[in-house]
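Asks: with the sequence up front, the predicted model follows.
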Amino acid sequence: MGNCQAAEAATVIIQHPSGRIQRVYWSVSAAEIMNDNPGHYVASLAVCFSDSPTPGTGVTRVKLLRPQDTLHLGRIYRLINSQ
């Protein structure tokens with residue numbers, strides 16, 4: 001029991017625009033994901049919480065990756081349309 005969190009931490013999670021979640025169990029380059037999904041870029045997601053008066057509010061930062069960048073285990077990425 002309790003192994004689910006360890007397994008999730010050992011995956012690359014890619015969110016598709018359609019809502020589909022893709023899990024990859026090894027490090028992969030952004031170019032490989034972009035080649036499999038023409039017309040899309042790969043973006044890294046990071047949620048930043050501020051000291052605002054409303055607790056629990058955060059801002060999601062999106063950073064587009066270069067094709068030679070590596071997607072790391074335990075991180076969440078999103079496919080962004082190129083249009």
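Replies: Sure, I can see it. Because the structure is predicted, anything quoted here is derived from the model rather than measured.
Asks: distance check, Ser18 against Phe49.
Replies: Distance, Ser18 to Phe49, using Cβ to Cβ, to the nearest Å: 28 Å. Where you see a C-beta, it was placed from the backbone N, CA and C, and this is true even at glycine.
Asks: now swap in Arg23 and tell me
Replies: Between Arg23 and Phe49 the computed distance is 26 Å (Cβ to Cβ).
Asks: ok, residues contacting the helix or strand Asn35 falls within?
Replies: Assigned by DSSP states H and E, Asn35 falls within helix 30-36. Here helix 30-36 makes contact (Cβ atoms under 8 Å, 6 or more residues apart in numbering) with 14, 40-42, 65-71, 77, 79.
Asks: what's the neighbour count on Leu65?
Replies: 19 (other Cβ atoms under 10 Å).
Asks: what score does the closest residue to Gln83 other than its chain neighbours have for pLDDT?
Replies: Of all residues not flanking Gln83 in the chain, Gly39 sits nearest, at 7.5 Å (Cβ to Cβ, 6 or more residues apart in numbering). pLDDT for Gly39: 95.
Asks: thought Gly39 was touching Ser82?
Replies: Yes: here Gly39 reaches Ser82: they are 5.1 Å apart, a contact under Cβ atoms under 8 Å.
Asks: how about the strands in this structure?
Replies: In the chain, strands defined by DSSP state E lie at 12-15, 21-24, 28-29, 40-49, 58-64, 70-71, 76-81, listed in chain order.
Asks: need those strands in TSV (columns: mean neighbour count).
Replies: As requested, the strands of the chain are exported to TSV (neighbours: other Cβ atoms under 10 Å):
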stretch	mean neighbour count
strand 12-15	19
strand 21-24	12
strand 28-29	17
strand 40-49	15
strand 58-64	11
strand 70-71	18
strand 76-81	17
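Asks: pick out the shakiest of these, pLDDT-wise.
Replies: Looking at those, the bottom one is strand 58-64 with a mean of 83.
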